[in-house]
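1. just the structure for this:
(one chain, ligands or ions: 1)
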Amino acid sequence: MKKVFFISDLHLGARYTDDIHQAERRVTRWLDSVCDEMAELYLMGDILDYWYEYRYVVPRGYVRFFGKLAELSDKGVKIHWFIGNHDIWIFDYLPHELGIEVVDGSVVRDIMGSRFFLAHGDGVGRHSLMFRFMRTLFRNRLCQRLYAAVHPRWTVPFANGWSRMSRLSHKEVPSVDDSACLATRRYVEEYSAAHADIGYYVFGHFHVAEDIAMPNGSRMVVLGDWIKLYTYAVFDGTKLELRHADI
Ligand SMILES: [Mn+2]
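-> Take a look at the predicted model:
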């Protein structure tokens, strides 16, 4: 029986990674090791540390990773890519080249007979005005056009610098008790009380790997990351398991 895999926060290409090719190879090795049992792959956001598709050109890098996704896709694996807060600007190039579905926001979906609530995790629950403003700004077509009109020699270093700063400003060891993750847990507790049909809530974003039981019996799985944790989740139709990739 084939399985469905979930992975998030690879942050490929991040300038704070010691060796970006080694990080990329680790992911492709893992994909090789599980591809025979893979029916579907859910990439739950922040897969690339920064990505902006222009109409006629795309950023350099990620060759091995994209090649592997194309290979999987050609073999019939269904690939779903939820955009995170780093890889927001996927337009039509990656879906077209890799045959993937791109998802923005949260969705409820039936997977192998069970109902899942899926989201990257940054937009779930209540948020500050500033956060909502930025989120709207990043998705605004006019703002995207203006941004795209600036030469990448300026925008790429700016974006990489921003990402690096935001990483450095985070705590050394993220925890499920950090305020953002805690707020999402509270949200899921409330939501699940009113939606008994949903068995699983899957998120990335928080850089912690955790399988949390909700009071109504459903489970909230936070996928971890591939910066320090190297974790993923796999669903076989009966149980969702959080695992460590020994690779
Ligand atoms: Mn994120």
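2. contacting residues around the most centrally placed residue in the chain?
-> In the chain, the centroid-proximal residue (C-alpha atoms, centre = their mean) is residue 45; its distance is 1.7 Å. Residue 45 is in contact with 8-9, 82-87, 120-122, 204-205, counting by C-beta atoms under 8 Å, 6 or more residues apart in numbering. Using the backbone N, CA and C atoms, a C-beta is placed for each residue, glycine as well.
3. now do it, the pLDDT please.
-> pLDDT for residue 45: 97.
4. quick check, it in a helix?
-> No: applying DSSP: H, G, I helix; E, B strand; the rest coil, one finds residue 45 to be coil, outside a helix.
5. I'd like the numbering to begin with 3 instead of 1 from here.
-> Done: numbering now begins at 3, and the last item shifts to residue 47.
6. what residues does this structure put near the ion?
-> 48, 86, 87, 207 (C-beta under 5 Å from the ion).
7. my guess is the third one contacts residue 121. True?
-> I take that to be residue 87. No: checked against C-beta atoms under 8 Å, the pair residue 87 and residue 121 is beyond contact range at 11.5 Å.
8. ok, those two, which is more surrounded?
-> residue 121 (24 against 18; other C-beta atoms under 10 Å).
9. thought the more buried one was touching residue 106?
-> No: counting by C-beta under 8 Å, residue 121 sits too far from residue 106 to count as a contact (10.0 Å).
10. what's residue 229 sitting at in phi/psi?
-> phi -100, psi -40 (degrees, to the nearest 10).
11. quick check: it vs residue 114, distance?
-> As judged by C-beta to C-beta, to the nearest Å, residue 229 and residue 114 stand 29 Å apart.
12. tell me where the chain has helices.
-> Along the chain, the segments classed as helices by DSSP state H run 22-36, 65-77, 95-100, 131-141, 143-151, 154-170, 181-196.
13. make CSV from the ones you listed and add mean pLDDT and mean neighbour count to it.
-> As requested, the helices of the chain are exported to CSV (pLDDT from 0 to 100; neighbours: other C-beta atoms under 10 Å):
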stretch, mean pLDDT, mean neighbour count
helix 22-36, 97, 16
helix 65-77, 98, 16
helix 95-100, 96, 16
helix 131-141, 89, 12
helix 143-151, 92, 12
helix 154-170, 89, 13
helix 181-196, 94, 16
